[in-house]
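# quick one, structure for this:
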Amino acid sequence: MKKILLLLVAMLAVGATARAEDYITDVMVIGGSQSVVNNLKDTYRRQGWTVIDKDLNAGCGSGSDYIYLLYKSASSDNLDAGAFVTDFYLLQSNSGNVIPTFIDDGLTYSLVPCDGSDYFKNNNGDLNSHCGAGSAYIHLYFAKDNDKAYRSTAVTSITFNATAEGAVCQNDTTIACDLNYGAGGDYIYMHTNSTLKGFTPFMNTTGTECYINGYAGPKDKRTSVTIPLTIDGATVLGFSGMTFSGFTNLETMTFDPASVIDWMPSVQGCTKFKRVKTSYDGGLLPLDQMTPPSIKTIPTYAFAGTALDEIYLTSVTEIRSHAFDGCDSLKNVTLPKNALIDSYAFANIQSNCYIASSDAMTDLDPSVFMYSPNLYCYDKYFSWICGWCGGDTVTTNNHLYWTLDRGGHLNIDCYNYMWEQFPQSQLITTHTWEKSNLFPKVKILTLEHVDTLKAYEFNGYTSLETLDVKSGLRSIGMFAFNGCSALKTVYLPPCVTKIGSYAFRNCGLLADLYFDGTDEQWNRIIVKGLGWNSYVASDFKEHWHCVVTYNANGHGTAPAPVSILWSNEDKLDEPTAPTADGYVFTGWYKEPDCINPWDFNTEVPGDMTLYAGWEPVVVSKPGDANEDSQVDVLDVTTVINYILNKNPNPFNYNNANVNGDAKVDVLDVTLIINIILGLQ
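Reported below is the predicted structural model:
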């Protein structure tokens, strides 16, 4: 409780002290014969470079190049050094193909420059240079951060040793790269150290304990984070609730087994988050499936909406409400003994998820797993009050609920072939049934409590005419409505994310599918399987809600946007034409250049913008034959050219016919001259 109170008063982050002169700003590799490298070492040392005195080709035998890494740090009198090195990356290949730069994890990586013998330079600083047959080409890349606000993530030291764990990785970011790979020499791995790993702490008054209150760095670039035991010597006790907000690419969080943090930080909104790890072998569970032993509480919404697929909670005593809400990738959960689990802790999970525990689970409140239709606990099926209608106890595991055309709340148990009618939300009776007995009865099917429709669920319901799915459905299985030969109209909610292959195949009368969302949502559906609407009516149309926006195109005032009920069906009422001084409105067009006019007798295809067309008002001005809004000698020339049949362009006949005798001749030339001279 004391720790939580400390967190609540932590309103401002106090950054750890970092010396700018410690940060590495430049790196280089040198290579060649021993004499070449020795000369280069002396030269670069005089220029302020630090030489890491470790031959990266050590043990490769005679003939191999001597390879060394050099770096520069920001000087204490130059704190405005523009960019600090934040990350290193090793690329290994057998072909020797070298790319100068690439982007990974949101950072731009550049090839470390090289100096030395011509052979070494021609190979772009290959760290296995001249190591003999079988050696890989290994090149070092680095990334910099130009934002001085992120200095806490800069690299401060580089070392080389024979330890692979924690070393700089190659291109899959998990496998440490031996710099002598394939060469037969020593095992050499590169290690770096960065100040604070980007976390900013809130310290107590004595500086002995702290909470992680934020992150000083580009959050969207991090795919993994390691939680430190201490920051500036202060023991890390916990986190603020928003520490990991904005980590859009975060996948993994790693703890030290000696951590004293007793509650898991929230990664809600980190949609790519997959794993919690500890950095040691616990003996009983795989390394990448363990939470650290100090973790006792999983707070509210801690993992909600993440991509977590497995979680082994070995020591927790409390899992709070909605902790794993909507974790649709979750497959396996191991719970500890005697843990307190709040309502909705595992709610709204659509995946086939299995929960195991060393504890008896019969006393768990069913609301813990509310609206998770495919969640299993020791083969126990949980039941609860229907959250939509308030009816008597209903059961999960892909049970379906709908209203028949004769009325009544119907529950079909797809496993035990039982059906129960609930008029006015009360259980009346139970009957044994065969699906074939329902074929002539179901004409209007309203699905109200369904998350997932399994494959073939309504295959061959030949009397079904209208399918109306209410909010809640996410996935329609393959062949779900195949062969519903009388089906004409389908209504789907905007939460649908998958339509399986052949879901509406052989629905020969199906002419209209109404999706109760926008065209963006319809196009965002993750899967529309192969032939999902094959062999439907020839005039089949998909409809969704759409909006037509009017753009005044630079003049006048555009009408307000119009919300169209359904695309590919409704037509626009032509709005009142806008007006603008000096311009004549010419109609509404599909593009700003006003090339293709919109036909208001046409069905609206989806969200679109119509652009106003305009033409300037042409004012007749006697004598202005070339229409440049003034009468001058150019107009005289224009008319004379016309008389001489030189066909001038532009030419305004009405303006040139000054005397109004319906012909342009020398009399008009005389009158134009008089206008210029002010005599007319």
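# ok, the residue nearest to residue 94 when sequence neighbours are not counted - how many residues close by?
Sequence neighbours aside, residue 136 is the residue nearest to residue 94 in space, at 6.0 Å (criterion: CB to CB, 6 or more residues apart in numbering). In this view, the C-beta of every residue, glycine as well, is placed from N, C-alpha and C. Residues near residue 136, counting by other CB atoms under 10 Å, number 22.
# what's the span of stretch 334-352, first residue to last?
Stretch 334-352 has an end-to-end distance of 15 Å (CA to CA, to the nearest Å).
# err, stretch 341-351, not the other one
Using CA to CA, one end of stretch 341-351 lies 20 Å from the other.
# swap in stretch 599-615?
20 Å.
# and residue 666, how many neighbours does it have?
Using other CB under 10 Å, residue 666 has 10 other residues around it.
# phi, psi of it?
phi -60, psi -30 (degrees, to the nearest 10).
# measure the nearest residue to residue 156 once chain neighbours are set aside to residue 140 for me?
Closest residue in space to residue 156, ignoring its immediate chain neighbours: residue 22 at 4.6 Å, by CB to CB, 6+ apart. Separation of residue 22 from residue 140 (CB to CB, to the nearest Å): 21 Å.
# more neighbours: which of those two?
In this view residue 22 and residue 140 are compared by other CB under 10 Å, and residue 140 has more residues nearby, 24 against 17.
# thought residue 184 was touching the residue nearest to residue 94, still the case?
No: in this structure residue 136 lies outside contact range of residue 184 using CB atoms under 8 Å: 11.6 Å.
# before we move on, the earlier item: which ones are touching the residue nearest to residue 94?
By CB atoms under 8 Å, 6 or more residues apart in numbering, the residues touching residue 136 are 92, 93, 94, 128, 181, 182, 183.
# give me the subset of those residues lying in strands.
Among the contacts of residue 136, the residues falling in strands (DSSP state E) are 92, 93.
# out of the contacts of residue 136, which two sit at the greatest distance?
93 and 183 (14.2 Å; CB to CB).
# more neighbours: which of those two?
The residue with more neighbours, out of residue 93 and residue 183, is residue 183; 26 against 13, by other CB under 10 Å.
# where does the closest residue to residue 239 other than its chain neighbours sit: helix, strand or coil?
Nearest residue to residue 239, sequence neighbours excluded (CB to CB, 6+ apart): residue 265, at 4.0 Å. Secondary structure state of residue 265, per DSSP: H, G, I helix; E, B strand; the rest coil, is coil.
# same check on residue 641?
Put simply, residue 641 is helix when judged by three-state DSSP.
# that one: neighbouring residues, count only.
Residues contacting residue 641 under the criterion other CB under 10 Å number 15.
# and it, what's its pLDDT?
Listed pLDDT for residue 641 reads 86.
# surely it touches residue 635?
No: counting by CB under 8 Å, residue 641 stays clear of residue 635, with 10.7 Å between them.
# ok, back up a step: read off the pLDDT value for the residue nearest to residue 94.
Looking at residue 136, its pLDDT reads 80.
# how much space separates it from residue 339?
Relative to residue 339, and taking CB to CB, residue 136 is found at 49 Å.
# please report how far the residue nearest to residue 94 lies from residue 179.
10 Å.
# between those two, which contacts overlap?
In contact with both residue 136 and residue 179: residue 128, using CB under 8 Å, 6+ apart.
# one step back: how much space between the residue nearest to residue 239 and residue 309?
For residue 265, the distance to residue 309 - CB to CB - is 19 Å.
# quick test: name the residue nearest the centre of the chain.
Nearest to the geometric centre of the chain sits residue 248, at 7.3 Å (CA atoms, centre = their mean).
# pLDDT score for the closest residue to it other than its chain neighbours?
Distances taken as CB to CB, 6+ apart put residue 220 closest to residue 248, at 4.9 Å, once the chain neighbours are dropped. Among the per-residue scores, residue 220 holds a pLDDT of 73.
# contact partners for residue 220?
By CB under 8 Å, 6+ apart, the residues touching residue 220 are 106, 246, 247, 248, 249.
# identify the residue spatially nearest to the second one, adjacent ones excluded.
What that stands for is residue 246. Residue 246's closest residue in space is residue 219 (CB to CB, 6+ apart), at 4.2 Å.
# so that neighbour touches residue 242, yeah?
No: the criterion here is CB under 8 Å, and residue 219 misses it with residue 242 at 10.8 Å.
# the more surrounded of those two?
More crowded of residue 219 and residue 242, by other CB under 10 Å: residue 219, with 20 against 14.
# show me what contacts that one?
Residue 219 makes contact with 244, 245, 246, 247, 248, according to CB under 8 Å, 6+ apart.
# got a list of contacts for the helix or strand containing residue 613?
Using DSSP states H and E, residue 613 sits within strand 608-616. For strand 608-616, the surrounding residues in contact (CB under 8 Å, 6+ apart) are 546, 548-556, 558, 578, 580, 582-592, 594, 597-598.
# ok, of those residues, which come out buried?
Buried by 16 or more other CB atoms under 10 Å: 546, 548, 550, 553, 555, 558, 578, 580, 583, 585, 588-589, 594, 598, out of the contacts of strand 608-616.
# among those residues, which ones are in strands?
Those of the buried ones among the contacts of strand 608-616 lying in strands (DSSP E): 546, 548, 550, 583, 585, 588, 589.
# and the two most separated of those?
Spanning the widest gap among these are 546 and 583, at 29.4 Å by CB to CB.
# domains of the chain?
20-194, 198-380, 393-539, 544-616, 633-677 (automatic domain parsing).
# of all those, which one is nearest residue 624?
Across the domains of the chain, residue 624 has its closest neighbour in domain 633-677 (4.7 Å, CB to CB).
# endpoint to endpoint, that closest one covers what distance?
OK, domain 633-677 end separation, CA to CA: 10 Å.
# ok, now stretch 136-156?
Stretch 136-156 has its terminal residues 28 Å apart, counting by CA to CA.
# now swap in stretch 588-595 and tell me
End-to-end for stretch 588-595, by CA to CA: 10 Å.
# what of stretch 623-637?
Using CA to CA, the end-to-end distance of stretch 623-637 comes out at 11 Å.
# outside of that stretch, which residues touch it?
Residues outside stretch 623-637 that contact it (CB under 8 Å, 6+ apart): 618, 621-622, 638-639, 642, 648, 650-652, 655-656, 658, 669, 671-673, 675-676.
# which of those residues are buried?
621-622, 638-639, 642, 648, 651-652, 655-656, 658, 669, 671-673, 675-676.
# on that earlier part again, measure the residue nearest to residue 156 to residue 86 for me?
Note on residue 22: its distance to residue 86, by CB to CB, is 14 Å.
# residue 306: what's its closest spatial neighbour, skipping adjacent residues?
Nearest non-adjacent residue to residue 306, counting by CB to CB, 6+ apart: residue 273, 4.1 Å away.
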